[in-house]
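**Q** Following is a predicted model, sequence given first.
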Amino acid sequence: MGILLGLYLIVKFAGNVEFAVGLISISFGILAVIWTARARKALSKGSTLKSYTTHFLFSLLFILIFSVLSLVENLFYSTKIIGFAKYLFITIAYILFVFTSYKILHLSKEFGFEIEAKKIKKLIEKKKKLRK
């Protein structure tokens, strides 16, 4: 209920739908950064998951900067510098996502959970047949 009230107040305060959507996007971006930073802090030093979380956090930060620049651009005026900076930050975020996705793919191949998942699925199906 509190989230809906907050969203309503942002739209009412902003007056402009585009501005309101920008504020809402930035609000969720800030929340995602806070939660990811808290999760990262709780993870073991040097762990693979902490490394992936760090890459994810930086990606979120670059997307948040992109969103802020987009809002500034829409509020005031568009310049080539803001446009260039905006696309630079979103490009860096995507590069980080691709890099992290590749590392996760490599990790999944290294641990080979696919074979175990198939075995578990067969056991569950066998158990279901026995119950009938």
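**A** Cool, the structure landed.
**Q** Determine which residue lies closest to the centroid of the chain.
**A** Nearest to the geometric centre of the chain sits L60, at 5.6 Å (C-alpha atoms, centre = their mean).
**Q** Give me the buried stretch members for the helix or strand where it lies, please.
**A** Taking DSSP states H and E as the criterion, L60 maps to helix 48-75. For helix 48-75, the neighbour count (16 or more other C-beta atoms under 10 Å) marks 52-73 as buried. Backbone N, C-alpha and C define where each C-beta goes, glycine included.
**Q** which secondary structure elements does that helix contact?
**A** helix 17-42, helix 80-111 (3 or more C-beta pairs under 8 Å, 6 or more residues apart in numbering; DSSP states H and E).
**Q** So what's the gap between stretch 14-30 and the chain middle?
**A** Going by C-alpha atoms, centre = their mean, to the nearest Å, the spacing between the C-alpha centre of stretch 14-30 and its chain's C-alpha centre is 17 Å.
**Q** Now it: buried residues?
**A** For stretch 14-30, burial by neighbour count (16+ other C-beta under 10 Å) applies to 19-20, 22-23, 25, 29.
**Q** what mean pLDDT does that stretch have?
**A** Across stretch 14-30, the average pLDDT comes to 83.
**Q** Only the C-alpha atoms, please, for that stretch, written as CSV.
**A** Extracted C-alpha coordinates of stretch 14-30, given in CSV (Å, rounded to 0.1, in the frame of the first residue of the first chain):
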residue,chain,number,x,y,z
ALA,A,14,5.6,15.8,-10.9
GLY,A,15,2.6,17.0,-12.9
ASN,A,16,4.3,15.7,-16.1
VAL,A,17,4.0,12.0,-16.8
GLU,A,18,7.4,11.8,-18.4
PHE,A,19,9.0,13.4,-15.4
ALA,A,20,7.0,11.2,-13.0
VAL,A,21,8.2,8.0,-14.8
GLY,A,22,11.7,9.3,-14.7
LEU,A,23,11.5,9.9,-10.9
ILE,A,24,9.9,6.5,-10.4
SER,A,25,12.7,4.8,-12.5
ILE,A,26,15.4,6.5,-10.5
SER,A,27,13.7,5.6,-7.2
PHE,A,28,13.7,1.9,-8.1
GLY,A,29,17.2,2.2,-9.4
ILE,A,30,18.4,3.7,-6.1
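**Q** Understood, closing this out.
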